[in-house]
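Novice: Whatever this is, show me its structure:
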Amino acid sequence: FLYFIAKVIQPSCNATQEETPFTMSSSQYSLLASALCATCVTAHASEPRRQKPNVVFVLTDDQDTRLGDSQNYTKWGAVDGLPIAQRIRDRGAAMTNFFVNTPICCPSRTEFFTGRYFHNLKVPTSLGGDQACMFANVTFASDPLSGLFGAFTANGYQTGVFGKTTNSQTETLESLVTRKAATYIDSPIDYNNFNGLPYFRFNASTDEKKWHQEVLDPKHPRFGTTYQTTQLGNRSLIWLDQILQKDPDNTPFFMYLGPHAPHIPAVPAPWYEDAFPELDAPHTPNYNVSSPDKVHHMRINPPISKDMECWENQHMRDRWRSLLSVDDMIEGTTKALDEKGVLKDSYIVYTSDHGYHLGQWRLVDAKMHPYETDIRVPFFIQGPGIAAKSVFPQVVGNTDLLPTLMELAGLPAVPGEVDGVSFASVLAPSFFTVSESTQPQRRRQSWLNEYHSVEYDGNMLGNYFNSVWATKESKAACGGRTPTGPAGYFPKSHCDFNVTGTGQSNCYVVNSAATGSFKALRTINATHDTQYIEWHVQVDGIVGNLIHREYYDISTDLYQINNLYDQLSSMQQGALASELHVYSTCRGSTCP
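Specialist: The predicted structure follows:
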């Protein structure tokens, strides 16, 4: 089985259009998973440190940690079904409290690529021009010196970009080309389409500042399939083979892999369509609960119907199925690095841009909220100096990755302001002393979350109602169209958002322009495991007055059902507001 699955994602550089992927049944997949787990090896932290180690950064889309094959929250979510992702964790380290600053695609990705919080990336309005992507200025991501890709390129790395970068995909990729912030790009243009045909291609050694578009032949595609994740795996391995053949010992590389899985519509590869047949969306204790003490758009949500449950269950299966191809891609990458003798000199990072919920607090499917399901993501890293099966509880997140990778690679800190803090000395303590560290040594106990609702449409009616991008399997299993509300499907123009009572809306409200923007502080230390949230109204695209507050003691209320804010003293309330203000207005070295 290893031979055949490797053939899918590791073709020769002379792959022809006639190559076809190997299709496995779910029983064969189970056998493969067992075989792969049996091949795990232990990393050794005693290896001598190489200058400019290689870096592979895998960033999935919408992968949570809390929803798994259990009726309670899990530790790693879908990772439990991914033996190769588990292998990165077991060969290296897991950060158990890794958060994202903004739980939606474009801002979070830009935060990963820049080390900056959302409030230091923000474009004032949704009409902010080409720079605005969900209110984030994505041009920072392609900065030739301070952006993640540019920083490695400027330090002599071969930098390959494969997959989704930001939601302003073409603009971001073009900017990487014109600003000389990457040396090679082979990425889907229509990243939302799991079988999209156009690809953005650039090779700095031959193309100078020009890129070209490749369009797959749908009948005879390269590598025998149009499936995006498999395309990315093959394309990245061809590039990897080329650069390692030239000078594997002296040319470090940075490889970015950005699969769209498990983002809606979460289309699985054809050979994985039958995987996880018994998996359902978990009915955690906060599933389908009414929320009388939460913000307006959550409070009015009606009960989830049996019809909606069918769509959620199918979506859950498709999410996990789509990630199996990501696991295959990582297996192909690690095998290639091992065969070339450079695995021991390479860091491999696995994480996601944000989490997800499926029916918790009657929010049927999405992210964009400050709760544990949405802000927690898996974070695993293996590589030089990192002891196998390490587990660290430090509070870290997406803005910390840039300074951490720079320090692990032995590179100078990027110029300009970075809000994040390196945790390299936590991961590889034998490599660092405080005096040797090139990064600020701050250790926070709280994590900042920020979100500016992307549903603004200019007239305060931009409310996001349920609209699962249904796969053909979902339609076949559940019939008809995805329900707009308990009564089934109907036009969203008939949705009533102006009700005020608990559960009174006729539609499943996923997010709201009026009440969906927030700032929050997640605190984890020896005495507190809490979250404080401030919700703000949005007027003319600008976040305005404070309209609602929430406070949760997660040590006793893991599922964030009981809002305790009104039980706090005025002194406690004031202290929380003051601390959140410090975090949400900080910049660079002033950030806690």
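
Novice: buried sites along stretch 506-525?
Specialist: 506-524 (16 or more other CB atoms under 10 Å). Just so you know, the C-beta spots here come from the backbone N, C-alpha and C atoms, and that holds for glycine as well.

Novice: Let's see which of the residues you listed end up in helices.
Specialist: Using DSSP state H, no member of the buried residues of stretch 506-525 falls in helices.

Novice: list the contacts for the residue lying closest to Cys591 once chain neighbours are set aside?
Specialist: Leaving aside its chain neighbours, Cys591 sits nearest to Asp419 (4.7 Å; criterion: CB to CB, 6 or more residues apart in numbering). Neighbour list for Asp419: Gly115, Arg116, Tyr117, Asn120, Thr399, Cys586, Arg587, Gly588, Cys591 [criterion: CB atoms under 8 Å, 6 or more residues apart in numbering].

Novice: Leu257 reaches Asp328, doesn't it?
Specialist: No. Proximity of Leu257 to Asp328 does not meet the contact threshold set by CB atoms under 8 Å, at 11.8 Å.

Novice: Could you pull out the helices in the stretch 401-550 of the chain for me?
Specialist: Counting by DSSP state H, counting those that start in this stretch, one finds helices in the stretch 401-550 of the chain at the ranges 401-408, 424-427, 472-478.

Novice: Can you list the buried residues in the longest helix along the chain?
Specialist: Ranked by number of residues, the top helix in the chain under DSSP H is helix 306-339. Within helix 306-339, the residues scored as buried using 16+ other CB under 10 Å are 307-337.

Novice: Pick the most buried one from the helices of the stretch 401-550 of the chain.
Specialist: With neighbours taken as mean count of other CB atoms under 10 Å, these reach their highest mean count in helix 401-408, at a mean of 24.

Novice: helices or strands next to that helix in the packing?
Specialist: Packing partners of helix 401-408 (3 or more CB pairs under 8 Å, 6 or more residues apart in numbering; DSSP states H and E): strand 54-60, helix 105-114, helix 148-154, strand 346-352, helix 424-427.

Novice: Quick one: closest of these to Lys294.
Specialist: helix 105-114 (22.5 Å; CB to CB).

Novice: what's the closest one packed up against?
Specialist: Counting contacts by 3+ CB pairs under 8 Å, 6+ apart, helix 105-114 packs against strand 132-133, strand 136-137, helix 148-154, helix 401-408.

Novice: Least reliable of these by average pLDDT, please.
Specialist: Within those, confidence is poorest for strand 132-133, with a mean of 84 (mean pLDDT).

Novice: Tell me how far that strand lies from the chain's centre.
Specialist: 18 Å (CA atoms, centre = their mean, to the nearest Å).

Novice: again with stretch 182-198
Specialist: Mean-position distance between stretch 182-198 and its chain equals 17 Å (CA atoms, centre = their mean).

Novice: got it, and stretch 156-163?
Specialist: 19 Å.

Novice: can you check stretch 500-516 too?
Specialist: 26 Å.

Novice: for the stretch 351-500 of the chain, what spans make up the strands?
Specialist: Counting by DSSP state E, counting those that start in this stretch, the stretch 351-500 of the chain has strands at residues 379-382, 390-397, 446-451, 463-465.

Novice: Just give the strands next to the first one in its sheet, each with its orientation.
Specialist: Which is strand 379-382. Looking at strand 379-382 with DSSP bridges, its partner strands are strand 93-99 (antiparallel), strand 346-352 (antiparallel).

Novice: That one: how far from the chain's middle?
Specialist: Offset of strand 379-382 from its chain centre (CA atoms, centre = their mean): 14 Å.

Novice: The residue lying closest to Ala154 once chain neighbours are set aside: what's it in contact with?
Specialist: Distance criterion CB to CB, 6+ apart; nearest residue to Ala154, sequence neighbours excluded, is Leu145 at 5.6 Å. If a contact means CB under 8 Å, 6+ apart, then Leu145 has Ala151, Ala154, Val414, Pro415, Gly416 as its contacts.

Novice: what about the third one, distance to Glu111?
Specialist: When distances are taken as CB to CB, to the nearest Å, Val414 and Glu111 turn out to be 14 Å apart.

Novice: do the fourth one as well
Specialist: Using CB to CB, one obtains 18 Å as the distance from Pro415 to Glu111.

Novice: Give me the more crowded residue out of those two.
Specialist: Glu111 (30 against 11; other CB atoms under 10 Å).

Novice: quick one: contacts for the more buried one?
Specialist: Val100, Asn101, Thr102, Tyr117, Phe118, Leu121, Asn398, Thr399.

Novice: Could you single out the nearest of those residues to Ile88?
Specialist: Asn398 (17.6 Å).

Novice: now that closest one: how far from Pro378?
Specialist: Distance, Asn398 to Pro378, using CB to CB: 12 Å.

Novice: can you list the weak-confidence ranges in the protein?
Specialist: 1-50, 124-131, 248-249, 433-443, 455-473, 539-542 (pLDDT under 70).

Novice: who's in contact with stretch 495-510?
Specialist: The contact list for stretch 495-510 (CB under 8 Å, 6+ apart) reads 290-292, 296-304, 308, 362-366, 368, 461, 463-466, 483-487, 492, 494, 512, 514.

Novice: quick one on the thing from earlier: any chance of the helices and strands packed on helix 105-114 in TSV, plus distance to Asp353?
Specialist: Shown next, in TSV, are these (distance: least, CB to CB, whole Å):
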stretch	distance to Asp353
strand 132-133	13
strand 136-137	12
helix 148-154	13
helix 401-408	11
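
Novice: Tell me which of these sits nearest to Pro218.
Specialist: Proximity to Pro218 (CB to CB) singles out strand 132-133 among these, at 29.1 Å.

Novice: so what does that closest one touch, helix or strand wise?
Specialist: Packing contacts for strand 132-133, counted by 3+ CB pairs under 8 Å, 6+ apart, involve helix 105-114.

Novice: what's the angle from the helix it packs on to strand 446-451?
Specialist: Counting by axes from the mean of the first three to the mean of the last three CA atoms, to 10 degrees, helix 105-114 lies at 140 degrees to strand 446-451.

Novice: tell me the angle of helix 105-114 relative to helix 401-408?
Specialist: Put simply, helix 105-114 runs at 20 degrees to helix 401-408, going by the same axes, to 10 degrees.

Novice: before we move on, back to that, and the strands paired with strand 379-382, which is most packed in?
Specialist: Counting by mean count of other CB under 10 Å, strand 346-352 has the highest mean neighbour count of the strands paired with strand 379-382, with a mean of 24.

Novice: what does it contact?
Specialist: In contact with strand 346-352 (CB under 8 Å, 6+ apart) are residues 53-64, 85, 88-89, 92, 98, 330, 333-334, 337, 377-384, 386, 398, 401, 405, 408-409.

Novice: before we move on, the earlier item: now tabulate the contacts of Asp419 in TSV and tack on distance to Arg235.
Specialist: Shown next, in TSV, are those (distance: CB to CB, whole Å):
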residue	distance to Arg235
Gly115	28
Arg116	29
Tyr117	33
Asn120	33
Thr399	29
Cys586	39
Arg587	38
Gly588	37
Cys591	37
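
Novice: Noted, bye for now.
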